[in-house]
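Engineer: Curious how this folds, go ahead:
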Amino acid sequence: MKKRSWFQDNWLALLTGLIVGAAALLLARLGNPGNMGFCIACFERDIAGALGLHGAEAVQYFRPEIVGIVLGALLAALCFREFRGKGGSSPLLRLILGMLVMIGALVFLGCPLRMVIRIGGGDLNALVGLAGFIVGILVGVVFLKKGFTLGRAYGQSKAEGAAFPALLTLAFLLSVTGLVGLFRSSESGPGSKRALWYVALLAGMAVGFLAQRSRFCMAGGIRNAVMFRDFGLVAAFGMVILTVLVGNLLLGQFGGFAFEGQPVAHSDGLWNFLGMTVVGWGSVLLGGCPLRQLILAGEGNTDSAVTVVGMLLGAALSHNFKLASSADGSAPGGHTAVWAALVILLLISLVCTFAKKKEGTK
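Structural biologist: Residues are numbered from 1 along each chain as shown. Below you'll find the model as predicted:
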């Protein structure tokens, strides 16, 4: 039997990277903030604002892209018979880890996906963030090799698995139709910059469908490269960077590589680095980056649904307590929160590695 080539094994991941990059360009062109065609952390922060979980008026909007990603993953899982309810793997710890990942992302001002989109747009601050992200993943991998685990997940009903996608979709429909006037929407700032809702929804669904099939995940890609010498997902994120870079050049909107003057970004190098260190470390412990958590939630994984809720709460904490950065720079409260997050990550890593190992030997 003829051995499959590297391209044959990874073409779908590369295609996903291409589509993600193209979707980011399209959505930014149609109204989303610059270098933010797709940002899971930023969009979940906006949804938290739309739900009234925080009062930052500039970042409130029920982003259709997030709903689309979950529905696209749900559709793919149903089509390929991979939808199944499961959960019960340390849900409270996952809630906390989701909060920490969001706090780190909002200090950096972006999730791992936006990080590579920013690199393609010429933002050198994102390279600093990438370095921190890799360091965080490497620390997490050390604990994985030592036996870190959040415990096994258990089978649940399909109704349980479908609850999160159903609630998210219902809330979105209520926000779009205006039947319930409880949802907030920014009139200025990043939250007011948006593509047409149905275009954003369809783009999200396309990304969600492909990401479910390709197991697209930034943290998982670097983890796999380190642990298994599998570089397929890393190459896929390289494809996102290349697509965004070439697209910006063709559209005449690439201003060159620089630290200053980047949209919705700051140049506080230490906090870009440490913020993404928190994101990388937390994502490895969770088993996937923020995008991957949405995909898993769409597949019926209630642990990932709890993690997404944790990220919404993390966004609320970040803005209610002034932890999040802005284009003017990082916030002092954010500095304290990042150090606290690193300490909590270390405690969770130690307890779930060595305490559980001792339990297993009894």
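
Engineer: in this protein, which spans are strands?
Structural biologist: Ranges of strands in the chain, per DSSP state E, are 86-87, 154-155.

Engineer: Let's have these in JSON lines, adding distance to Leu294.
Structural biologist: C-beta here means a position set from N, CA and C on the backbone, and glycine is covered the same way. What follows is the strands of the chain, written out as JSON lines (distance: least, C-beta to C-beta, whole Å):
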{"stretch": "strand 86-87", "distance to Leu294": "15"}
{"stretch": "strand 154-155", "distance to Leu294": "21"}
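
Engineer: Of all those, which one is nearest Thr177?
Structural biologist: Nearest to Thr177 among the strands of the chain is strand 86-87 (30.7 Å), distances taken as C-beta to C-beta.

Engineer: And the closest one, how far out from the chain middle?
Structural biologist: Relative to its chain's centre, strand 86-87 lies at 20 Å (C-alpha atoms, centre = their mean, to the nearest Å).

Engineer: follow-up on the earlier one: looking at the strands of the chain, which is closest to Thr169?
Structural biologist: Distance to Thr169, taken as C-beta to C-beta, is lowest for strand 86-87 among the strands of the chain, at 19.3 Å.

Engineer: The closest one packs against which elements?
Structural biologist: Identification of packing neighbours for strand 86-87 by 3 or more C-beta pairs under 8 Å, 6 or more residues apart in numbering; DSSP states H and E yields strand 154-155, helix 158-177, helix 302-320.

Engineer: Quick check: which ranges of the protein have low pLDDT?
Structural biologist: Low-confidence segments of the chain (pLDDT under 70): 1, 180, 356-362.

Engineer: Longest helix in it, by number of residues?
Structural biologist: In the chain, assigned by DSSP state H, the helix with the most residues is helix 6-29.

Engineer: ranking the strands of the chain by burial, who's on top?
Structural biologist: strand 86-87 (a mean of 20; mean count of other C-beta atoms under 10 Å).

Engineer: Show residues contacting that strand.
Structural biologist: Residues from elsewhere that reach strand 86-87 (C-beta atoms under 8 Å, 6 or more residues apart in numbering): 153-156, 160-161, 300-303, 305-306.

Engineer: of these, closest to Val199?
Structural biologist: For those, the residue nearest Val199 by C-beta to C-beta is Ala305; the value is 25.9 Å.

Engineer: The longest helix of the chain: which residues count as buried?
Structural biologist: Neighbour counts over helix 6-29 (16 or more other C-beta atoms under 10 Å) mark 10, 12-14, 16-28 as buried.

Engineer: before we move on, what about stretch 332-352?
Structural biologist: Within stretch 332-352, the residues that qualify as buried are 334-335, 337-338, 341-342, 344-345, 348-349, 352, counting by 16+ other C-beta under 10 Å.

Engineer: okay, those in a markdown table with distance to Cys111 next?
Structural biologist: A markdown table is the format used below for the buried residues of stretch 332-352 (distance: C-beta to C-beta, whole Å):
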| residue | distance to Cys111 |
| --- | --- |
| Gly334 | 16 |
| His335 | 20 |
| Ala337 | 17 |
| Val338 | 16 |
| Ala341 | 15 |
| Leu342 | 18 |
| Ile344 | 19 |
| Leu345 | 17 |
| Ile348 | 20 |
| Ser349 | 21 |
| Cys352 | 23 |
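
Engineer: Nothing else from me, thank you.
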